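>>> below are the sequence and a predicted model for it; my questions follow.
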Amino acid sequence: MTPLYDVHCHLTSEDFEPDLDQVLRRAREAGVTRMVCVGETAQDNRRVLALADRYDAVLPALGHYPAHLDDAMADETEALVRQHRDQVVAIGEVGIDHWIAADHSVRDRQHAIFSRFVRLALDLDLPLSVHSRSAGRHAVALLQDLGARRVCLHAFDGKARYAREAAEAGYFLSVPPSVTRSTQKRKLVAAVPLERLLLETDAPVLGPDRDQRNEPANLPIAARAIAELKGVDEAEVLAACAANTRALFGPGVG
């Protein structure tokens with residue numbers, strides 16, 4: 001059976017505190033063998049590391065969410081990444097978010113912090129899990145300008161032509177279960193070759209039902225939607241996404 005990899009989720013969310021063991025059991029039953037759990041703050045990154053120590057299926061990624069313009073926190077996250085270089089599978093999530101930053105001075109700070117983590121990823125040869133809400137073309141341009149090589153653009157919400165540009169640059173784009181209800185995500189899947197797509201849930205959000213908690217067990221929903229949109233067998237999607245995940249993250253994903 002082809003393994004399923006959830007390349008971006010938030011298992012440290014308080015939404016999962018009551019029943020995380022059951023959430024991970026359901027994921028396993030759905031065929032999800034590995035889940036990349038991303039961090040958003042220095043404190044969250046420590047929780048990610050602790051979770052990865054507890055569960056073999058959880059792979060840690062340490063990040064700095066673009067809402068935080070705190071250089072001291074960014075310093076702390078960088079130190080954690082360097083300290084745990086052999087354990088972490090990616091830097092993320094990091095990026096820019098123009099939806100929460102209308103002011104250009106705030107955007108400039110976001111871009112500066114993001115650039116710092118892009119350079120760190122290059123220095124340590126780690127993949128990036130990139131947040132780019134309402135800033136897709138800006139994120140892609142910045143990544144290209146800095147020479148980023150190993151990139152997952154998670155839940156990319158930009159126009160299809162910018163998604164295609166990212167794919168042509170050699171970046172991957174991960175597709176959540178919300179593709180079943182998002183015209184934009186469906187256009188993205190149509191525009192990007194299967195060789196550049198990954199599967200994610202972004203759990204506990206971006207599920208097939210906006211009003212219900214999302215979880216990694218919903219990952220096959222995204223795979224089925226991609227198969228439908230591409231007009232191929234689901235097995236082909238699963239095989240391609242598994243190969244793409246290993247190409248981006250390396251053999252450490254299992």
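Arrived safely.
>>> mind showing which ranges of the chain have poor pLDDT?
Screening the chain residue by residue with the criterion pLDDT under 70, one finds no matching range.
>>> now the helices for it?
Assigned by DSSP state H, the helices in the chain fall at 20-29, 42-54, 71-83, 104-124, 136-146, 160-168, 183-191, 219-230, 234-249.
>>> show me which residues of the last one are buried.
This means helix 234-249. Applying a neighbour-count criterion of 16 or more other CB atoms under 10 Å, the buried positions in helix 234-249 are 234, 237, 238, 240, 241, 242, 244, 245, 248, 249. The way it works is simple: take the backbone N, C-alpha and C, and place the C-beta from them, glycine included.
>>> out of those, which one sits closest to residue 51?
Using CB to CB, residue 249 comes nearest to residue 51 of the buried residues of helix 234-249, at 17.4 Å.
>>> hang on, the earlier thing: would you mind finding the most buried of the helices of the chain?
Per-stretch averages of neighbours, counted by mean count of other CB atoms under 10 Å, single out helix 219-230 among those, with a mean of 21.
>>> how far is it from where the chain is centred?
With CA atoms, centre = their mean, to the nearest Å as the basis, the distance from the averaged C-alpha position of helix 219-230 to the chain average is 17 Å.
>>> packing partners for it?
When contacts are defined as 3 or more CB pairs under 8 Å, 6 or more residues apart in numbering; DSSP states H and E, helix 219-230 packs onto strand 4-9, strand 172-175, helix 183-191, strand 197-199, helix 234-249.
>>> before we move on, the earlier item: can you convert the helices of the chain into TSV and add a column each for distance to residue 6?
Listed next are the helices of the chain as TSV, based on distance: least, CB to CB, whole Å:
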stretch	distance to residue 6
helix 20-29	7
helix 42-54	14
helix 71-83	21
helix 104-124	20
helix 136-146	21
helix 160-168	20
helix 183-191	16
helix 219-230	5
helix 234-249	9
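>>> mind checking which of the helices and strands packed on helix 219-230 is nearest residue 33?
Distances from residue 33 to each of the helices and strands packed on helix 219-230 were compared using CB to CB; the minimum, 6.4 Å, belongs to strand 4-9.
>>> mind saving the C-alpha coords of that closest one as PDB?
As requested, the backbone C-alpha atoms of strand 4-9 are provided in PDB (Å, rounded to 0.1, in the frame of the first residue of the first chain):
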ATOM      1  CA  LEU A   4       0.200   8.800   2.700                       C
ATOM      2  CA  TYR A   5       2.100  11.800   4.000                       C
ATOM      3  CA  ASP A   6       0.500  14.800   5.500                       C
ATOM      4  CA  VAL A   7       3.100  17.500   4.800                       C
ATOM      5  CA  HIS A   8       1.600  20.300   6.900                       C
ATOM      6  CA  CYS A   9      -0.600  20.000  10.000                       C
END
